[in-house]
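Visitor: Pasted the sequence and its predicted model underneath.
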Amino acid sequence: MTSAIRQFPLDTAIHHHAHDFHQIVIGLNGQAEFEIEGLGGSISALSGCIVPANHMHYYAGTGDNHQLVLDLPQDALSLTGHHHELARLFDAPRFFDLDASLARYLEFVLQELRLLASQGALSDLQQDRLAATLLGSLHARLSGDASSTGRPLDLSALDRYIDQHLSGQLRVADLAAQACLSEAHFTARFRAQTGLSPWRYVMRRRLETARRLIHESHLPLSEIAALTGFTNQSALSRAFRRDYGHPPSQLRRPGARRLASNAPMP
């Protein structure tokens, strides 16, 4: 597939799916709710979310809403070649706000799309060029202008908070609030200290807890999925396969104790 920039309202009913291309959704007006592999949040005008490829996401619009959606295959021109560093934007799902400069560029993109569409001249290459500038600007803002120096984060306290809220939505903003930092500063400090994004860290903790419960209890997988913050058993199984290379049910087969003890850290 080729890159595509689209505008449309989201249905107010809850839908879910995963797709093999990356996606960025930016609110133009109204509001929408998203949950991306356990990371929940809302977007409104001039805010958005990043949906990496093959990540299950639930979404619903609220009332009169309108969104700008960028569909980006992993081999898109705006993510390869000298733009290859922009693919780091999709290392993990996240929510973001547009600053004044990005808001002005968004308005330019919308005007350009209208003009090119009216002329019947909107090509894949033109969409890729518009997308590349937007992605580059987002990458510059989200990849680490925030200082990673300062007092180390209290990971033990964060672990306790994560464990207490593991069965529900855990937003990066919630973790940042525990550390009394802005989301941008918290994310930069967290990645510098742990080598992981906050989302990847939470996902690892969900999987570790699920693996322990599968191994040590007789709870059904659907209940373990709910206890560890996965939307359903399928989401748990998909995450297990992605990080451990096997389904969770395999831990309950003969010889599973050795498999569990040898499982790599996600």
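Guide: That came through, no problem. Numbering: from 1, shown residues only.

Visitor: OK, contacts around Ala132?
Guide: 77-78, 83, 86 (C-beta atoms under 8 Å, 6 or more residues apart in numbering). In short, each C-beta sits where N, CA and C put it, glycine included.

Visitor: oh sorry, the question was meant for Tyr58
Guide: Counted by C-beta under 8 Å, 6+ apart, Tyr58 has contacts 14-16, 34-35, 231.

Visitor: wait, is it part of a strand?
Guide: Yes: looking at Tyr58 with DSSP: H, G, I helix; E, B strand; the rest coil, it is inside a strand.

Visitor: quick one: it from Leu227, how far?
Guide: Between Tyr58 and Leu227 the computed distance is 19 Å (C-beta to C-beta, to the nearest Å).

Visitor: what do you get for Thr62?
Guide: Using C-beta to C-beta, Thr62 is found at 29 Å from Leu227.

Visitor: now Leu166
Guide: Leu166 is 7 Å from Leu227, where distance means C-beta to C-beta.

Visitor: Helices along this structure, start to end?
Guide: 100-118, 124-142, 155-164, 172-178, 183-194, 198-216, 221-227, 233-244, 256-262 (DSSP state H).

Visitor: Redo these as TSV? Include mean pLDDT.
Guide: Listed next are the helices of the chain as TSV, based on pLDDT from 0 to 100:
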stretch	mean pLDDT
helix 100-118	91
helix 124-142	88
helix 155-164	95
helix 172-178	86
helix 183-194	84
helix 198-216	92
helix 221-227	95
helix 233-244	89
helix 256-262	52
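
Visitor: Now that we have the ones you listed, can you turn them into TSV and tack on distance to Pro52?
Guide: Output for the helices of the chain, formatted as TSV (distance: least, C-beta to C-beta, whole Å):
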stretch	distance to Pro52
helix 100-118	20
helix 124-142	13
helix 155-164	21
helix 172-178	15
helix 183-194	16
helix 198-216	10
helix 221-227	20
helix 233-244	11
helix 256-262	27
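
Visitor: where do the contact lists of Leu166 and Leu227 overlap?
Guide: Thr209.

Visitor: dump the residue contacts of Pro198.
Guide: 172, 175, 186-187, 190-191.

Visitor: and with 10 Å instead?
Guide: Counting by C-beta atoms under 10 Å, 6 or more residues apart in numbering, Pro198 touches 39, 92, 94, 158, 162, 170-176, 183, 186-187, 190-191.

Visitor: Where does the prediction get shaky in the stretch 1-150 of the chain?
Guide: 1, 144-150 (pLDDT under 70).

Visitor: hmm, 80 instead?
Guide: Scanning the stretch 1-150 of the chain for pLDDT under 80 picks out 1-2, 37-39, 120-122, 143-150.

Visitor: Okay, and the beta partners of the nearest residue to Arg171 once chain neighbours are set aside?
Guide: In this structure, Arg171 finds its nearest non-sequential neighbour in Gly41, 5.6 Å apart by C-beta to C-beta, 6 or more residues apart in numbering. On the basis of DSSP bridges, Gly41 is bridged to Phe34.
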